[in-house]
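>>> got a structure for you, letters missing:
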């Protein structure tokens, strides 16, 4: 079963979809954190497919739109990653309060920039038992500056935003990004960790997966890294996406 779930954070409403397996609870629960300029469905319906697969394994999930994205309140031009981390923490708390959910068995999945958000949220919410990072950003400034142009900076300095494929990317996002240390934060977490990345990812280089993996390792921690050979950033083939979803479902089944 799936149903809409709206919740509030910092005075604005966020739109979500709750997936519940058949059968009685309390159930383990997972939230999905979408990528930059994405939404709770994601590319080729990746989040929908993953949530439905988890439900078949008896794991509930909540897909939601960050403020300023998708159907949630707020404007994209005001978006910062710190605000998205706040949204993810709010989503975890909302999910934990659902009557069907076991609040002691929570997980988080994040794609791309949502992976950075998931890493920080998991580190700041000790109830998160398992974290899954898909093509996650470890160094946001490096990713942004790779495509940032002098024209972008000129537009932002003159009017406060630059045109990013029809979206207004604002100064608050750039001001916020340099203070983020997701790999360092996640290194201090007790959460189990699965890292999945495509070898041919041109948006977030696969080397960023190695940063998370290297910093998170310590004796006794359950951690795994999987590189999907040939895959692009959002796993845009049936075989690649099936691999990602199957590995994720198995991992969460073992660690929640």
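Looks like it arrived, so ask away. Keep in mind that this is a model prediction, so the values were computed, not measured. Residues are numbered from 1 along each chain as shown.
>>> on contacts alone, who are the packing partners of the helix or strand residue 254 falls within?
Element membership of residue 254, judged by DSSP states H and E, is helix 238-255. In this structure, helix 238-255 makes packing contacts with helix 46-56, strand 101-111, strand 128-134, strand 192-198, strand 223-228, judged by 3 or more Cβ pairs under 8 Å, 6 or more residues apart in numbering; DSSP states H and E. Just so you know, the C-beta spots here come from the backbone N, C-alpha and C atoms, and that holds for glycine as well.
>>> rerun that using 6 Å as the cut-off
Helices and strands touching helix 238-255, by 3 or more Cβ pairs under 6 Å, 6 or more residues apart in numbering; DSSP states H and E, are helix 46-56, strand 128-134, strand 192-198, strand 223-228.
>>> Show me what the last one is in contact with.
This means strand 223-228. 193-199, 213, 216, 240, 243, 247 (Cβ atoms under 6 Å, 6 or more residues apart in numbering).
>>> hmm, which of those residues are the buried ones?
193-198, 213, 216, 240, 243, 247 (16 or more other Cβ atoms under 10 Å).
>>> I'd like those residues laid out as CSV, including pLDDT.
Below are the buried ones among the contacts of strand 223-228 laid out as CSV (pLDDT from 0 to 100):
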residue, pLDDT
193, 98
194, 98
195, 98
196, 98
197, 98
198, 98
213, 97
216, 96
240, 98
243, 98
247, 98
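>>> what two of those residues are the furthest from one another?
Spatial extent of the buried ones among the contacts of strand 223-228 (Cβ to Cβ) is set by the pair 216 and 240 at 23.5 Å.
>>> Test my guess that residue 60 contacts residue 29.
Yes. Here residue 60 reaches residue 29: they are 4.4 Å apart, a contact under Cβ atoms under 6 Å.
>>> Measure how far stretch 243-256 is from the centre of its chain, please.
15 Å (Cα atoms, centre = their mean, to the nearest Å).
>>> Buried residues in it, which are they?
So for stretch 243-256, counting by 16+ other Cβ under 10 Å, buried means 243-245, 247-249, 251-252, 255-256.
>>> Now do stretch 165-181: everything it contacts.
37, 76-77, 79-82, 140-141, 156, 160-162.
>>> go again using 8 Å as the cut-off
37, 75-82, 116, 120, 140-141, 144, 152, 156, 160-163 (Cβ atoms under 8 Å, 6 or more residues apart in numbering).
>>> Between the two ends of that stretch, how far is it?
End-to-end distance for stretch 165-181: 27 Å, by Cα to Cα, to the nearest Å.
>>> And it, how far out from the chain middle?
17 Å.
>>> May I have the beta-bridge partners of the one residue sitting closest to the centre of the chain?
The centroid of the chain falls nearest to residue 110 when counting by Cα atoms, centre = their mean (2.1 Å). Beta-bridge partners of residue 110, counted by DSSP bridges, are residue 33, residue 133.
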